[in-house]
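**Student:** Predicted model, plus sequence, below.
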Amino acid sequence: MSDRRDHLPTGDRLAVSDHLATNDHVWQQIRNGKPPSPDAVDGIADRDAVRLGADGVARLRRDLRSEVLGAGPLEPLLDDPAVTDVLVNGVDGVWVDRGDGLQPAPVSLADTDSVRRLAVRLATLAGQRLDDASPWVDGLLPGGVRLHAILPPLVADGAHLSLRIPRRTSPDLTLLHEWRMLDDTQARVLRAVVDARVSFVITGGTGSGKTTLLGAMLRAVAPGERIVLVEDTRELAVEHPHVVRLQGRAANVEGRGGVTLTTLVRQSLRMRPDRLVVGEVRGAEVREMLSALNTGHEGGASTLHANAVADVPARFEALGALAGLPYDAVHAQFASAIDIVIHLGRRDGRRAVQEIGVVTRQGQTRLAEVVPALGAGGGRLPGWPVLCRLLGLP
């Protein structure tokens with residue numbers, strides 16, 4: 001493997017190798033689950049100030065910070081503004097997503113030990129423990145990058161890492177239209193969804209652009225409205241003058257101190273939200289969210305993993321079962337709380353809105369269903385008249 005220090009002058013390279021190998025204090029901190037301090041890392045470089053000079057010390061500091069405090073060989077990928085996801089498949093390769101599907105990246109890691117050290121170090125920077133006793137971690141790195149890592153033997157061929165990079169800026173609906181994520185009619189409908197203060201759910205698979213679209217729609221909310229945003233891990237970028245963020249917390253190694261989304265949704269209702277937003281609903285918090293949207297909190301929103309708009313009621317059934325809600329209660333709450341479902345997928349390799357549906361009730365059974373109203377390319381579907389009445393469109 002080509003080492004990241006190969007590009008340095010010989011003196012710098014020897015200093016890096018020597019100090020990384022011999023500075024037991026810094027690496028012992030990492031092994032003990034404590035992130036090393038920037039001062040400690042800079043101190044290593046400063047010891048060679050006489051030999052390296054000011055420029056050499058600056059280069060060495062930058063490289064050491066990347067190796068010890070940053071993501072090492074993954075750092076250039078995380079700095080790329082086009083990259084949204086970085087995936088490390090053990091020693092089998094690194095993949096990135098720049099919005100047009102996964103592609104291999106010209107980065108390699110020497111062996112399984114190197115990948116494991118990288119995973120453990122990043123987990124430590126996220127304030128989490130990753131070892132044989134706790135072989136997976138889900139956390140947030142400095143700068144907002146979401147980390148998931150898992151160790152063998154739960155995964156083969158070395159540790160695997162998944163890094164989700166938050167957008168540095170939140171695109172608006174106009175920009176998404178320019179990116180061809182929305183067509184003309186879809187853009188008009190989504191603006192009407194926000195203006196009409198109807199509640200909506202954005203669905204799709206992993207990496208389909210759900211949080212990107214949600215952030216763009218929330219950016220269109222009137223500046224006088226107060227948005228209370230509940231997330232398990234901070235991921236949603238929202239450019240709005242009045243956003244209150246609540247974030248869950250994982251339990252510590254003793255199983256204490258955890259704060260769930262269910263708890264946070266309950267707390268959010270006491271914070272006078274004009275719009276309640278749950279970043280992603282995936283568990284028992286669905287009960288509190290549906291209850292809130294049924295008690296006067298209009299314009300709420302969330303995202304959900306689903307394969308199509310027609311599958312959304314069944315997904316809510318499953319989530320409601322986790323919360324102990326009976327089948328008919330889930331359908332009644334869902335039909336009253338949610339008005340619109342927006343489904344995303346990939347078209348020609350690009351993220352795009354595939355379908356917009358409207359929530360209605362079936363005739364005799366009164367069960368909730370989502371009727372497709374608008375397809376890709378502006379195609380009108382059976383639910384279009386209902387959607388127009390709901391949003392006040394001609």
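**Tutor:** Right, received. Where do you want to start?
**Student:** can we go C-alpha only for contacts and neighbour counts from here?
**Tutor:** Will do.
**Student:** who's in contact with residue 276?
**Tutor:** Going by C-alpha atoms under 8 Å, 6 or more residues apart in numbering, residue 276 touches 227, 228, 229, 230, 268, 297, 299, 300, 301.
**Student:** if you set the cut-off to 10 Å instead, what comes out?
**Tutor:** By C-alpha atoms under 10 Å, 6 or more residues apart in numbering, the contact set of residue 276 is 199, 226-230, 244, 265, 268-269, 289, 292-293, 297-302.
**Student:** Likewise for residue 97?
**Tutor:** Contacts of residue 97 (C-alpha under 10 Å, 6+ apart): 82, 83, 84, 85, 86, 87, 103, 104, 105, 164, 207.
**Student:** For those residues, which two are the farthest from each other?
**Tutor:** 105 and 207 (17.6 Å; C-alpha to C-alpha).
**Student:** Who has more neighbours out of these two?
**Tutor:** residue 207 (19 against 16; other C-alpha atoms under 10 Å).
**Student:** what residue ranges in the stretch 151-300 of the chain are flagged as low confidence?
**Tutor:** 253 (pLDDT under 70).
**Student:** quick one: the strands in it?
**Tutor:** Ranges of strands in the stretch 151-300 of the chain, per DSSP state E, counting those that start in this stretch, are 160-164, 200-204, 227-231, 243-247, 275-278.
**Student:** re earlier: among the contacts of residue 97, who's most crowded?
**Tutor:** When neighbours are counted by other C-alpha under 10 Å, residue 86 leads the contacts of residue 97 with 24 neighbours.
**Student:** which SS state does the residue nearest to that one when sequence neighbours are not counted fall under?
**Tutor:** Spatial nearest neighbour of residue 86, excluding adjacent residues (C-alpha to C-alpha, 6 or more residues apart in numbering): residue 96 at 4.6 Å. The local conformation at residue 96, judged by DSSP: H, G, I helix; E, B strand; the rest coil, is strand.
**Student:** need the contact list for residue 96.
**Tutor:** Counting by C-alpha under 10 Å, 6+ apart, residue 96 has contacts 77-78, 82-88, 102-106, 162-164.
**Student:** Which ones among those residues map onto strands?
**Tutor:** Of the contacts of residue 96, the ones assigned to strands by DSSP state E are 85, 86, 87, 88, 102, 103, 104, 105, 162, 163, 164.
**Student:** The last one bridge partners, please.
**Tutor:** The residues paired with residue 164 through beta bridges, assigned by DSSP bridges, are residue 85, residue 146.
**Student:** returning to that earlier point: looking at the strands of the stretch 151-300 of the chain, which is closest to residue 333?
**Tutor:** When the strands of the stretch 151-300 of the chain are compared by C-alpha to C-alpha, strand 200-204 sits nearest residue 333, at 13.7 Å.
**Student:** strands paired with that closest one, and their directions?
**Tutor:** strand 301-305 (parallel), strand 340-347 (parallel).
**Student:** any idea which of the contacts of residue 97 is closest to residue 115?
**Tutor:** The nearest member of the contacts of residue 97 to residue 115, counting by C-alpha to C-alpha, is residue 87 at 12.0 Å.
**Student:** Pretty sure the closest one sits against residue 159.
**Tutor:** No: Residue 87 sits out of contact with residue 159 when judged by C-alpha atoms under 10 Å, with a separation of 11.0 Å.
**Student:** what sits in contact with each of those two?
**Tutor:** Common neighbours of residue 87 and residue 159 (C-alpha under 10 Å, 6+ apart) are residue 149.
**Student:** Name the nearest of the contacts of residue 97 relative to residue 234.
**Tutor:** Looking across the contacts of residue 97 and measuring by C-alpha to C-alpha, the closest to residue 234 is residue 164, at 10.7 Å.
**Student:** quick one: contacts for the closest one?
**Tutor:** By C-alpha under 10 Å, 6+ apart, residue 164 lies in contact with 78, 83-87, 96-97, 140, 144-148, 207, 235.
**Student:** Swap in 8 Å and give it another go.
**Tutor:** So, once contact is read as C-alpha under 8 Å, 6+ apart, residue 164 ends up touching 84, 85, 86, 145, 146, 147.
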